[in-house]
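[1] Curious how this folds, go ahead:
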Amino acid sequence: MRRFIVDTDTASDDAAALMIAALSEEIDLLGVTIVAGNVGLKQATDNALMTLEVCGSDAPVYLGAKRPLFRERHETISVHGKDGMGDCDIIHPKRSPEEKRAVEFILEQVERYPNEVELVVLGPATNIALAILTDREIMSKVKHIWSMGTPGFGFGNATPVSEFNVFIDAEAYALMLDLEIPVTIAGFDLCAGNIGLDRYELSYLAHGSKPAQFLEQATSKLLQFNLDTRGVHMVDLPDAIAMAAAVWPEFVQDKVACHCHCCTEPGHAYGQVIFYQKGRTYEAMPEISRFNAQVIKKVDEKLFTERFMDLLMEEGGKEA
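    Predicted coordinates:
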């Protein structure tokens, strides 16, 4: 069984990703670590606890970074609502987070299971960077990092060239890329097609299992945001795409090895990640000795919908 730690700034699309990990029988969810991003640390923690609860999972939750390494924090309440989960008054978790801090938990688990722990990083990479700065040797024994970050080969959603998770803490993302362990990146461009939940699937969820109903409500603000800004009756789930890539290898249809450079200098390019693709020649940088990530180019949209809906519609989730 694969061992996962999910690092998240839990808003509605993070919740969808967390549900995949919590409901998948092949995943041992060691714990969930929280970082401030879409919402503040306490709200993100409550959101994660509630998501796990509706899935019947007792995976522990750990508090992490309240802010980026060097910058002020930004929120996205216009996208996911003030509580990050649709403002439907559905966040009332019975459990509390653990006393141990997120960085301590990550290092403890990686040391306990060397070359077995996979990190799924769904928000700003601040907790991962702090763990690297605390003990780089232990963190070098992480088996794999799955990242929802960067615009991929498309446009950014925080700036024209930067995606939100990286833009919030580019210095942390740069440190993560420099760790020299396998990294797979699912960029925001993967949401450009028809992948996600459309009006028919959302209606189906509203009459489904407890996790399904919970997610339909949690994504209501995201749905309205997409209707207002793009005119589409659809919920895009970038974090769930990253989780699907981690859990279901056959979901990824094409990827390319890249040397990824994260821009951390202040200015318009802050948070941009430049991809030097393997097999291409770049006159300005002809010698690339290390390709530090695989960047996903194409996924199976039909498989995602089928697998995700099947997981959600199973009554009640796992037994807690």
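
[2] wouldn't Thr264 be in contact with Glu171 here?
    Yes: here Thr264 lies in contact with Glu171, judged by Cβ atoms under 8 Å, at a distance of 5.2 Å. C-betas here are computed from N, CA, C, even on glycine.

[3] quick one: Thr184 is in a helix?
    No: Thr184: not assigned to a helix; according to DSSP: H, G, I helix; E, B strand; the rest coil it is strand.

[4] The chain should start at 44 in everything you say after this.
    From this message on, residue numbering opens at 44, which makes the last subject Thr227.

[5] before we move on, what SS does the closest residue to it other than its chain neighbours have?
    Ranked by Cβ to Cβ, 6 or more residues apart in numbering and with sequence neighbours excluded, the top spatial neighbour of Thr227 is Gln337, at 4.8 Å. Each residue gets one of three states, and Gln337 gets strand by three-state DSSP.

[6] Please list all residues in contact with Gln337.
    Applying Cβ atoms under 8 Å, 6 or more residues apart in numbering, we find Gln337 in contact with Pro225, Val226, Thr227, Ile228, Lys298, Val299, Ala300, Cys301.

[7] try 10 Å this time
    With contacts defined as Cβ atoms under 10 Å, 6 or more residues apart in numbering, the neighbours of Gln337 are 187, 225-228, 288, 295, 298-301, 303, 321.

[8] Tell me if I'm right that Ile211 and Ser205 touch.
    Yes: Ile211 is in contact with Ser205 according to Cβ atoms under 10 Å; the separation is 9.5 Å.

[9] returning to that earlier point: can you pull up the bridge partners for the residue nearest to Thr227?
    With DSSP bridges as the criterion, the beta-bridge partners of Gln337 are Thr227, Ala300.

[10] per-residue confidence for it?
    Turning to Gln337, the model gives it a pLDDT of 98.

[11] The chain: strands as residue ranges?
    45-51, 70-77, 104-106, 160-164, 187-191, 226-229, 240-241, 277-278, 295-305, 316-320, 336-342 (DSSP state E).

[12] between the first one and strand 187-191, how big is the angle?
    Taking axes from the mean of the first three to the mean of the last three Cα atoms, to 10 degrees, strand 45-51 and strand 187-191 form an angle of 40 degrees between their directions.

[13] For strand 45-51, the averaged confidence score.
    Taken as a whole, strand 45-51 has a mean pLDDT of 98.

[14] and that strand, how far from the chain's centre?
    On the basis of Cα atoms, centre = their mean, to the nearest Å, strand 45-51 sits 10 Å off its chain's mean C-alpha point.

[15] Could the C-alpha coordinates of it be exported in PDB?
    Coordinates of the C-alpha atoms in strand 45-51 are reproduced here as PDB (Å, rounded to 0.1, in the frame of the first residue of the first chain):
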ATOM      1  CA  ARG A  45       1.300   3.400  -0.900                       C
ATOM      2  CA  ARG A  46       1.900   5.900   1.900                       C
ATOM      3  CA  PHE A  47       0.700   9.500   1.300                       C
ATOM      4  CA  ILE A  48       0.900  12.800   3.100                       C
ATOM      5  CA  VAL A  49      -1.400  15.500   1.700                       C
ATOM      6  CA  ASP A  50      -0.300  19.100   2.200                       C
ATOM      7  CA  THR A  51      -3.200  21.400   1.600                       C
END
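
[16] Please consider this matter closed, and thank you.
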